[in-house]
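K.L.:
I'll drop the sequence and a predicted model, then ask my questions.
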Amino acid sequence: MPHKTSAWPLSALYAVLIVYASLYPFDGWRDQGPLPWGFLIAPWPHYWTAFDLWSNVLGYAPLGFLLALGALRTGRGARAVLRALLAAGTLSLLMETLQGYLTARVPSNVDLGLNMAGAWAGAMTATLMERMGAIDRWIRFRARWFVPDARGALVLLALWPPALLFPAAVPLGVGQVFERAEAALADLLLETPFLEWLPVRALELQPLMPATELACVMLGALIPCLLGFSVIPAVGRRAVFVLAVFAAAVGASLLSAVLSYGPVHAWAWFSRPVQAGLLLAAVFALLLLRVPVPTGAALLLLGLGVYLSLINQAPASPYFAHNLQIWEQGRFIRFHGLAQWLGWLWPYAVLLYVLTRVWGQGRQDGAPS
């Protein structure tokens, strides 16, 4: 029987990630003259590394896995591997073709072949897992743990740890967009009469007080807990989920610090306000384990409003530009700033998701029986 699955939205998001990583920095476009598909018959490249080979294989393996998994979960698994391979191969062919128009990129038939090999390996992994019963066990696990329509929340929860990888002014400080949006809008309106309509702040943003930083950290850890509570009805499983949230929060923040400042400063972010904020978040999460889903949704909306108001009063991290220059491995792992976009947009996506669920539930309750 077909099922709603998180594999489809996750595969779409991963495809967007591939497009972003393949075409970054999206400038230097030019017409090179020959046919754009000429790279298909080009000879073997003279310069290549083992990293290039493995990155092209591993980069497309999750896409093949998710595409095949989505086909298997929705009752279209007869040709799941073939469908995943065709979809991933089409995307790879399009990306290699477009790279021929970028000065900083070189299209390659080897990359195309390796991308398809990675997609095939991922799709075969999903198929083998299905034959071994792993997918059926996941279906039973999901039915026990989550409500039937948990797909959106699960996708958002899966994206939360990657959103924490990019350095922020406050640990767990996702959604900090005000200062950058203000500067971007000013640049857009430069030399236009509309610039005079732009409100100008009288004072520069000041570093947060310890109490405000504590509140940001507390809400930053509590919001994903409340999001999980909206799709996990059982109290005991909510408690286990809280432990997973805090493990992900500490692990992602620790990895971000290692990538940004080096292993020596791995725990530099773990200050007294951060420790107190995490402790308070854990206390509130445990106190809210029995909260009903509608009340939890209301608390989540309230927490998001307060959190976004506080976090956008913090100035941008002074280490941001410096990190991009000196930490090349961090730039690769974050896909040239893609994690930063996740960090900017994640809480607003949660806000939209919760409002959509509340609106949909309200319409169902108000519908005539």
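P.N.:
It's in.
K.L.:
tell me what the strand or helix carrying residue 94 is packed against?
P.N.:
If you go by DSSP states H and E, residue 94 is part of helix 80-99. Judged by 3 or more CB pairs under 8 Å, 6 or more residues apart in numbering; DSSP states H and E, helix 80-99 is in contact with helix 7-23, helix 50-73, helix 109-131. Using the backbone N, CA and C atoms, a C-beta is placed for each residue, glycine as well.
K.L.:
and the longest one, what does it pack onto?
P.N.:
Other helices and strands packing on helix 50-73, by 3+ CB pairs under 8 Å, 6+ apart, are helix 7-23, helix 80-99, helix 109-131, helix 134-145.
K.L.:
tilt between that helix and helix 7-23?
P.N.:
Helix 50-73 runs at 160 degrees relative to helix 7-23, counting by axes from the mean of the first three to the mean of the last three CA atoms, to 10 degrees.
K.L.:
mind starting the numbering at 42 from now?
P.N.:
Noted, 42 is the first residue going forward, which turns the last one into helix 91-114.
K.L.:
Only the buried residues of helix 91-114, if you could.
P.N.:
Across helix 91-114, burial judged by 16 or more other CB atoms under 10 Å covers 96-98, 100-114.
K.L.:
cool, the last one as well?
P.N.:
With burial defined by 16+ other CB under 10 Å, the residues of helix 150-172 counted as buried are 150-153, 155-161, 163-168, 170-171.
K.L.:
what's it packed up against?
P.N.:
By 3+ CB pairs under 8 Å, 6+ apart, helix 150-172 packs against helix 91-114, helix 121-140, helix 175-186.
K.L.:
and the angle for that helix with helix 175-186?
P.N.:
60 degrees.
K.L.:
and if you look at the first one?
P.N.:
On the basis of the same axes, to 10 degrees, helix 48-64 is oriented at 110 degrees to helix 175-186.
K.L.:
and helix 48-64, what other elements does it pack with?
P.N.:
The helices and strands touching helix 48-64, judged by 3+ CB pairs under 8 Å, 6+ apart, are helix 91-114, helix 121-140, helix 192-204, helix 379-407.
K.L.:
List of residues touching that helix?
P.N.:
For helix 48-64, contacts defined as CB atoms under 8 Å, 6 or more residues apart in numbering pick out 100-101, 103-104, 107-108, 110-111, 114-115, 132, 136, 139-140, 143, 146, 192-193, 196, 199-200, 376-377, 379.
K.L.:
cool, and the last one?
P.N.:
Identification of contacts with helix 150-172 by CB under 8 Å, 6+ apart yields 80-83, 85-86, 89, 93-94, 97-110, 113, 118, 121-122, 125-126, 129-130, 133-134, 137, 176-177.
K.L.:
What residues sit buried inside the helix holding residue 135?
P.N.:
Of all the residues in helix 121-140, those buried under the rule 16+ other CB under 10 Å are 121-122, 124-126, 128-130, 132-134, 136-140.
K.L.:
From those, pick the one nearest residue 230.
P.N.:
Relative to residue 230, the closest of the buried residues of helix 121-140 is residue 139; by CB to CB it sits at 30.8 Å.
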